[in-house]
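Engineer: sequence first, then the predicted structure, then my questions.
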Amino acid sequence: MVEFALKYGVSTVSRRLGWALERMGVLLDSLALLLPSPLTSYQPLDPTRPKSGSYNKRWKLIINLPGMTKK
C-alpha cells in the first residue's frame, strides 16, 4: 500500500495512509517513506468534514473525525 500511495503521487493520500497505518500499529520505520511527502499546510483527515480538530504534527493532518484524539 505504501508503494502504491507513493506512485499515486498525492501527498495528502500518503499522509492519510501513514496516519491510518500508524494507528493500526504499523511501526514508524515501515512508514518512513511516507513522511517526506511535501505538504506546506495541514490537511483534513476527512476532506468532507470541517477543517477543525486536533493537529497531528507528524502527518500534518487535522484530525477532524468525531471522537478522535491526537495520536
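Structural biologist: Good, I have the coordinates.
Engineer: hey, where'd the strands end up in the chain?
Structural biologist: With DSSP state E as the criterion, the chain has strands at 43-44, 54-56, 61-63.
Engineer: so residue 38 sits against residue 9, correct?
Structural biologist: No. In this structure, residue 38 is not within contact of residue 9 by CB atoms under 8 Å, at 10.9 Å. Bear in mind the C-beta positions are built from the backbone N, C-alpha and C, glycine included.
Engineer: mind listing what's buried in stretch 54-61?
Structural biologist: Buried residues in stretch 54-61, defined by neighbour count with 16 or more other CB atoms under 10 Å: 56, 59, 60, 61.
Engineer: average pLDDT across that stretch?
Structural biologist: Summarised as a single mean, pLDDT over stretch 54-61 is 95.
Engineer: could you tell me how far stretch 51-64 lies from the centre of the chain?
Structural biologist: Centroid separation for stretch 51-64 versus its chain: 8 Å, with CA atoms, centre = their mean, to the nearest Å.
Engineer: point out where this structure drops to low pLDDT.
Structural biologist: 37, 69-71 (pLDDT under 70).
Engineer: thinking again about what came up before, how about the buried residues of stretch 54-61 in TSV, adding distance to residue 50?
Structural biologist: Formatted as TSV, the buried residues of stretch 54-61 follow (distance: CB to CB, whole Å):
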residue	distance to residue 50
56	16
59	18
60	18
61	14
